[in-house]
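Q: Curious how this folds, go ahead:
(one chain, ligands or ions: 1)
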Amino acid sequence: MEQMKQRVGQKFEALYGAGATFYASPGRINLIGEHTDYNAGFVFPGAVDKGVVVAIRPSEGDVCRLFALDLDEECTFALKEEEKPAPSWAHYVFGVAREMQKRGATIGAFDAVFSGNVPLGAGMSSSAALESAFAFALNELNACGFDRFELARIGQSTEHNYCGVKCGIMDQFASVFGKKGCLMRLDCRSMEFAYYPFDPQEYKLVLLDTRVKHQLTGSPYNDRRLSCERVAKVLGRDFLRGATMEELEALRPSISEEDFKRARYVIGEEQRVMAVCEALERGDYERVGRTMYETHWGLSRDYEVSCEELDFLAGVAAECGVAGSRMMGGGFGGCTINLVKESLYADFVATAKRRFAERYGHEPQVYEVAISDGSRRL
Ligand code: GLA
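A: This next block holds a predicted model:
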């Protein structure tokens, strides 16, 4: 983050002059609880040491100037316009400012330069990092007084209303609330959460990024959400949260097989999050890991958001004796998250790289996870 701060600061000075304030917001991992947030279930994320850094300063007039350092591209827009600016990367920032205004805040124009090092399309929430960095910055600069939950919701509404993704709250929550060394268990129904210090002495968390992003027609993420909502409705519930396998089985003849499988995954995942919490309390990381594999195959076979490359990596992990491995995030490409014993780590990473390259022609990218702080002024 320090290096990014320097680069962003230099560019800001060159383009817009002195007087910038700096903010940072991270990407996230998620141990367990995937595609549960929009079902009002539980998630178990943590912030990482990769994120977005923003240099920002209020400006006169109503035109904002925004420079994306990694793309070497500037975009200007007025905050009063309803029309989105042209570049899609600017929608995240424009959307945040608009969502704050919709909630009654007065947002003044600004000049800003930003850069990020969350790998794009890896399932590590680069977009939530960007939204949260600007939400946090604009909240402070304009003295809006939104609390951290509202900042997370502002990012989520930005996705819904300006980016076309009907996401849950996990990514923005994790980015805003992250705490060094801690995972967080969030109940997405009550919004109660607890920090869980995560320091498994003999184990490491490592991400293996397939570096593939499958282009799918339509909006498979939103379709999954719709499936869940349909089943919840037939069950007479607002959300799938709290539904049982028995209730679902009883319904089987009256819903599509596809919706049945989607709901079976979600209901199973709620049980798995609970199992992981208990296992963590006992320090039983092998059990945590086995549950991660179950999640992976549920996401792959029932929820159908995995892909061949992710399944391959989870398979290699199992063969190497890795405690747990699963695809992470929305799916259709990106990373697996792996819980691996230190003593197996080097062998596993080398084997996974080699076998993946033999099969797909390129190595997966390896990221060691350092669980870090959330949105902050630098
Ligand atoms: C994406 C969404 C989150 C969550 C995950 C899947 O990251 O933004 O809200 O639904 O997928 O767990």
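Q: Can you tell me which residues in the stretch 201-350 of the chain are near the ligand?
A: Counting by C-beta under 6 Å from any ligand atom, the stretch 201-350 of the chain comes close to the ligand at 329, 330. (Each C-beta comes from the backbone N, C-alpha and C, glycine too.)
Q: Is the one residue in the stretch 201-350 of the chain that gets nearest to the ligand part of a helix or strand, or is it coil?
A: Nearest residue of the stretch 201-350 of the chain to the ligand: residue 330, at 3.5 Å (C-beta to the nearest ligand atom). Secondary structure assignment for residue 330 (DSSP: H, G, I helix; E, B strand; the rest coil): coil.
Q: need the longest strand for this structure.
A: Identified as the longest strand of the chain according to DSSP state E is strand 45-58.
Q: close to the ligand, is that one?
A: No. Using C-beta under 6 Å from any ligand atom, strand 45-58 stays clear of the ligand, with a minimum separation of 8.8 Å.
Q: average pLDDT across that strand?
A: Averaging pLDDT along strand 45-58 yields 98.
Q: Just list what that strand packs against, helices and strands only.
A: helix 2-16, strand 21-30, strand 110-116, helix 126-141, helix 170-177, strand 182-187 (3 or more C-beta pairs under 8 Å, 6 or more residues apart in numbering; DSSP states H and E).
Q: Deepest in the core, which of these is it.
A: The highest mean neighbour count among the helices and strands packed on strand 45-58, using mean count of other C-beta atoms under 10 Å, belongs to helix 170-177: a mean of 29.
Q: remind me, longest helix of this structure?
A: Counting residues, the longest helix in the chain under DSSP state H turns out to be helix 257-282.
Q: which parts of that one are buried?
A: 259-270, 272-273, 275-277, 279-280 (16 or more other C-beta atoms under 10 Å).
Q: the inter-axis angle of that helix versus strand 182-187?
A: 130 degrees (axes from the mean of the first three to the mean of the last three C-alpha atoms, to 10 degrees).
Q: so how far is helix 257-282 off the chain centroid?
A: Distance, stretch centre to chain centre, for helix 257-282: 19 Å (C-alpha atoms, centre = their mean, to the nearest Å).
Q: Which is the succeeding secondary structure element to that helix?
A: Moving toward the C-terminus from helix 257-282, the next helix or strand (DSSP states H and E) is helix 285-297.
Q: got the residues of the stretch 51-200 of the chain near the ligand?
A: 125, 167, 168, 170, 171.
Q: try 5 Å this time
A: 167, 168, 170, 171 (C-beta under 5 Å from any ligand atom).
Q: need these in JSON lines with pLDDT, can you?
A: Shown next, in JSON lines, are those (pLDDT from 0 to 100):
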{"residue": "167", "pLDDT": "96"}
{"residue": "168", "pLDDT": "97"}
{"residue": "170", "pLDDT": "98"}
{"residue": "171", "pLDDT": "98"}
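Q: OK, contacts around residue 178?
A: 26, 28, 46, 47, 184, 371, 372, 373, 374, 375 (C-beta atoms under 8 Å, 6 or more residues apart in numbering).
Q: Farthest pair within the residues you listed?
A: Pairwise distances across the contacts of residue 178 (C-beta to C-beta) peak at 15.0 Å, for the pair 371 and 375.
Q: Just give me the closest of the contacts of residue 178 to the ligand.
A: Nearest member of these to the ligand, counting by C-beta to the nearest ligand atom, is residue 28, at 8.4 Å.
Q: now the angle from the helix or strand hosting residue 231 to helix 257-282?
A: Element membership of residue 231, judged by DSSP H and E, is helix 220-234. When the same axes, to 10 degrees is applied, the directions of helix 220-234 and helix 257-282 differ by 90 degrees.
Q: Helix 220-234 - contacts with which helices or strands?
A: Packed next to helix 220-234, using 3+ C-beta pairs under 8 Å, 6+ apart, are helix 245-251, helix 257-282.
Q: so can I have a markdown table of those showing mean pLDDT?
A: Output for the helices and strands packed on helix 220-234, formatted as a markdown table (pLDDT from 0 to 100):
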| stretch | mean pLDDT |
| --- | --- |
| helix 245-251 | 96 |
| helix 257-282 | 96 |
